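Asker: sequence and predicted structure, then a few things I'm wondering about:
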Amino acid sequence: MTAMTTAMTMATTQELAWGRHYVMVEPTHFRVDYAINPFMDPSVQPDPARALDQWHTLVATLRGLGARVDVLEQRPDAPDMVYAMNLGLGLVRPSGSHVVLSHMRYPQRRMETGTAAAWFADHGHTTSYVGRDGVGAHLEAGDAFAFRGDLVVGYGPRTEKLALKHLATDLGVRVRGFRIAHPGMYHLDLAFCPLDERRALVCPDAFDGPSAAALLDLVPEPLVLSEAEALTTFCANSVVVGSTVVMPGCPDRVRARLEHWGFEVVVVDTSEFHLGGGSVRCLTNPIDITLGRDLDVRPFGEVVLPPA
Ligand code: ARG
């Protein structure tokens, strides 16, 4: 291959169109008050100043890459609200911006939704629910990402299978469900990260056998992560802005593959937030996934599940 064709191959990497507009929550009341995932231990508290500093570096990094970041204030009584990814699933529809608000599995986080609902409404988004206040299906938005025209949703530890039907019919999209079976990768975004139209980071150990196989089948060029890589570096919990991958850490092997594919890796230390069980992706919520562009329109919706 000549230098010219190599350059052309890189330039034709099909960048994700979404991931350029985020909502984040400034960590002014970030604490570990309870344990709802295996990383949390209330006897080990984050350093507030360092957490704030890491968060500001992440915001500056995303803005430096040309992304828009809107900021919500944190409720003093909601220490996990900093993980903005879980506030809701934001979408751009022909009628305007819409957010399907999360219905958190654990009551400790449910008050976040009320604040998010008001903020989104004030900022021009319509909102809906698949369940709320403990009634109906649980949905946590860290379990849902657009990939190759479909909504890929992890279910099990947090999001319930029933939520997939609601999402498919309410939004008019095809939902592909994958059952998460690993307690440490309790959200999809700890084990799966779309990189471009053909590539994604995937940690198969997060899923049961049929779901792992089906997810690997869906991704034409997966970058397969080991359980240790996913759990110790949180490297699947990354965000992609164009051809830049913003990561909390990146094993050399993973970096080599990403760079070979033409991505630039930027590492931002979010270690304080690992104490609550979340990292770069959890701190950011992309609200520019667009129906008809990133998600194919299927008027009556469709749910595809792996064999039981
Ligand atoms: N402590 C939070 C919880 O357990 C962490 C959320 C991490 N967010 C994510 N999108 N994975 O809910």
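Answerer: Done, it's in.

Asker: hey, what's residue 93 bridged with?
Answerer: For residue 93, the beta-bridge partners are residue 96 (DSSP bridges).

Asker: pretty sure it sits against residue 289.
Answerer: No - if you go by C-beta atoms under 8 Å, residue 93 and residue 289 don't touch, sitting 10.2 Å apart. Yep, even glycine has a C-beta here, placed from its N, CA and C like the rest.

Asker: which of those two has more neighbours?
Answerer: Counted by other C-beta atoms under 10 Å, residue 93 and residue 289 do not tie: residue 289 has more neighbours, with 21 against 15.

Asker: what helix or strand is residue 91 located in?
Answerer: Secondary structure assigned from DSSP states H and E places residue 91 in strand 88-93.

Asker: pull out the buried positions in that strand.
Answerer: Residues 88-92 are the ones in strand 88-93 that count as buried (16 or more other C-beta atoms under 10 Å).

Asker: what of stretch 197-211?
Answerer: Using 16+ other C-beta under 10 Å as the test for burial, stretch 197-211 gives 197, 199-208, 211.

Asker: strands - which of those land there?
Answerer: Mapping these onto strands (DSSP state E) picks out 199-202.

Asker: which of those sits closest to the ligand?
Answerer: For these, the closest approach to the ligand (C-beta to the nearest ligand atom) belongs to residue 201, at 14.0 Å.

Asker: count the residues that sit near the residue nearest to that closest one when sequence neighbours are not counted.
Answerer: Using C-beta to C-beta, 6 or more residues apart in numbering and skipping the chain neighbours, the partner closest in space to residue 201 is residue 193 (4.2 Å). Residue 193: 26 surrounding residues under other C-beta under 10 Å.

Asker: helices of the stretch 151-300 of the chain, residue ranges please.
Answerer: 161-171, 209-218, 227-233, 252-260, 271-274 (DSSP state H, counting those that start in this stretch).

Asker: which strands or helices does the shortest one pack on?
Answerer: Contacts defined by 3 or more C-beta pairs under 8 Å, 6 or more residues apart in numbering; DSSP states H and E place helix 271-274 against helix 48-64.

Asker: in the helix it packs on, what's buried?
Answerer: Residues of helix 48-64 classed as buried: 51-52, 54-55, 58-59, 61-62 (neighbour count, 16+ other C-beta under 10 Å).

Asker: outside of that helix, which residues touch it?
Answerer: 22, 24, 26-28, 30, 69, 71, 82, 239, 241, 246, 266, 268-273, 280, 283-284 (C-beta atoms under 8 Å, 6 or more residues apart in numbering).

Asker: try 7 Å this time
Answerer: If you take C-beta atoms under 7 Å, 6 or more residues apart in numbering as the criterion, helix 48-64 is touched by 22, 24, 26-27, 30, 69, 241, 246, 266, 268-270, 272-273, 280, 283.

Asker: give the partner strands of the next helix or strand after it in its sheet and their orientations.
Answerer: Following helix 48-64 in sequence order, the next helix or strand is strand 68-72 (DSSP H and E). Sheet partners assigned to strand 68-72 using DSSP bridges are listed as strand 21-25 (parallel).
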